[in-house]
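Asks: With the sequence up front, the predicted model follows.
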Amino acid sequence: MGEVEERLLLVVRAKGSVVMFGGVDKSYCQGALNWISLIKVGDWSVYMDRISMKRKIIVCSSCCKALVDTRTSLILGPRRLVNNIQKLSGAMPQGSEHYVSCFVDNTLPSIIFTINGINYPVPAQASILKNTRGHCYTSFQESKVRTSRETWILGDVFLRLFFSVFDRGNDRIVLA
């Protein structure tokens with residue numbers, strides 16, 4: 001008689017989010033599950049094809065690295081490239097933040113992250129944040145981590161838009 005694999009699916013719900021341990025419940029997502037192999041065992045980095053806006057590549061034109069990170073709130077990247085995105089958004093630097101009009105989220109196009117040939121749009125409504133004083137700023141910031149190649153960190157601003165699975169047993173991530 002063959003072995004029967006038993007899986008414990010632990011579901012934790014909190015304010016609009018669900019965390020599952022031990023399995024995948026596809027009823028929480030729409031469309032296909034897009035499996036992405038990790039670059040190396042031990043971290044959650046993948047190859048990203050490009051970042052574009054209005055069908056034009058704005059950064060990462062020839063494959064770069066993206067670290068999918070639940071411990072990071074924002075989207076982080078190399079200073080020069082983040083500054084390019086800030087300029088396209090009409091953001092004005094002030095300290096470590098880049099401020100925009102709070103009404104710009106209705107007119108700015110989505111920024112598209114293409115990973116494994118699949119487009120993952122981040123609309124302005126998700127990437128423009130408001131601080132406690134009511135001022136709006138972009139969620140793109142300079143990464144303080146120096147790397148030898150172009151590396152981006154996709155934090156909660158990105159992750160909260162997509163169904164994501166971190167599959168350590170098979171060294172892959174799924175986005176849907």
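Replies: Good, I have the coordinates. Residues are numbered from 1 along each chain as shown.

Asks: would residue 86 count as being in a strand?
Replies: No - under the criterion used here (DSSP: H, G, I helix; E, B strand; the rest coil), residue 86 is helix, not part of a strand.

Asks: Name the nearest residue to it, sequence neighbours excluded.
Replies: Once flanking residues are discounted, residue 86 sits nearest to residue 98: 4.5 Å by CB to CB, 6 or more residues apart in numbering. In this view, the C-beta of every residue, glycine as well, is placed from N, C-alpha and C.

Asks: Doesn't the one you found lie inside a strand?
Replies: Yes - following the definition three-state DSSP, residue 98 is counted among the residues of a strand.

Asks: which residue ranges form the helices in this protein?
Replies: With DSSP state H applied, the chain shows helices at 79-89, 124-127, 156-159, listed in chain order.

Asks: Show me the one of those that comes nearest residue 18.
Replies: Evaluated over the helices of the chain, closeness to residue 18 peaks at helix 156-159, with 12.9 Å, by CB to CB.

Asks: what comes up buried for the closest one?
Replies: Residues of helix 156-159 classed as buried: 157, 158, 159 (neighbour count, 16 or more other CB atoms under 10 Å).

Asks: where in this protein is pLDDT low?
Replies: Applying pLDDT under 70 to the chain picks out residues 1-16, 147-148.

Asks: circling back to that earlier point, dump the residue contacts of the residue nearest to residue 86.
Replies: With CB atoms under 8 Å, 6 or more residues apart in numbering as the criterion, the residues that contact residue 98 are 86, 89, 91, 92, 137, 138, 140, 141.

Asks: what number of residues lie near residue 118?
Replies: By the other CB atoms under 10 Å criterion, the neighbourhood of residue 118 contains 14 residues.
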